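Trainee: Pasting the sequence and the predicted coordinates here, then a few questions.
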Amino acid sequence: MSYSALDVEANRPVLVFLPASAARPPVAARPLGERIDRTIGIVAARFDVSTKEIRSRARTERIARARQACCDLIMRACGTNADETGKALGIDRSTVSYNLSRVADRLETEKSFWEAYHLAAQDLGLSK
């Protein structure tokens, strides 16, 4: 890949070559829906639930924990707000806000939640 630029001092055009990797769009350039689906898939795998369960209206503890983590990780990985996150999961923004507060509590008190959450965050490239 190359592009032309202007050498200001010599007042002539120059040809600049870039590696092929420079032409690839970054992960953030993927469509939002694709990034959200990827995030939900990773969270589902780490919390041992299906993506269908995360998007369902089920309220079992196992599914609620995964959905709560999903709200937080979608917002972090995709840069969405509460409205967009809620729309992706079929919940309203006040439920998203509640889920975010539950994530903070669970991270402090539940070791299994902490482990699954941080593995999902690593998979998403959010932490080391």
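Mentor: Nice, I can see it. Numbers count the residues shown, from 1 in each chain.
Trainee: Ser127 in helix, strand or coil?
Mentor: When classified by DSSP: H, G, I helix; E, B strand; the rest coil, Ser127 comes out as coil.
Trainee: and it, how many residues sit next to it?
Mentor: 12 (other Cβ atoms under 10 Å). C-beta: built from backbone N, CA, C; applies to glycine.
Trainee: Leaving out the residues flanking it, which one is nearest to it?
Mentor: Ala121 (4.7 Å; Cβ to Cβ, 6 or more residues apart in numbering).
Trainee: what sits against that neighbour?
Mentor: 73, 76, 127 (Cβ atoms under 8 Å, 6 or more residues apart in numbering).
Trainee: host element of it?
Mentor: Under the criterion of DSSP states H and E, Ala121 resides in helix 111-123.
Trainee: May I see the buried residues of that helix?
Mentor: 113, 116-117, 119-121, 123 (16 or more other Cβ atoms under 10 Å).
Trainee: Make a markdown table from these and add distance to Thr51 and pLDDT to it.
Mentor: Below are the buried residues of helix 111-123 laid out as a markdown table (distance: Cβ to Cβ, whole Å; pLDDT from 0 to 100):
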| residue | distance to Thr51 | pLDDT |
| --- | --- | --- |
| Phe113 | 19 | 98 |
| Ala116 | 15 | 98 |
| Tyr117 | 17 | 98 |
| Leu119 | 17 | 97 |
| Ala120 | 13 | 97 |
| Ala121 | 18 | 97 |
| Asp123 | 14 | 96 |
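Trainee: Thank you kindly, that will do.
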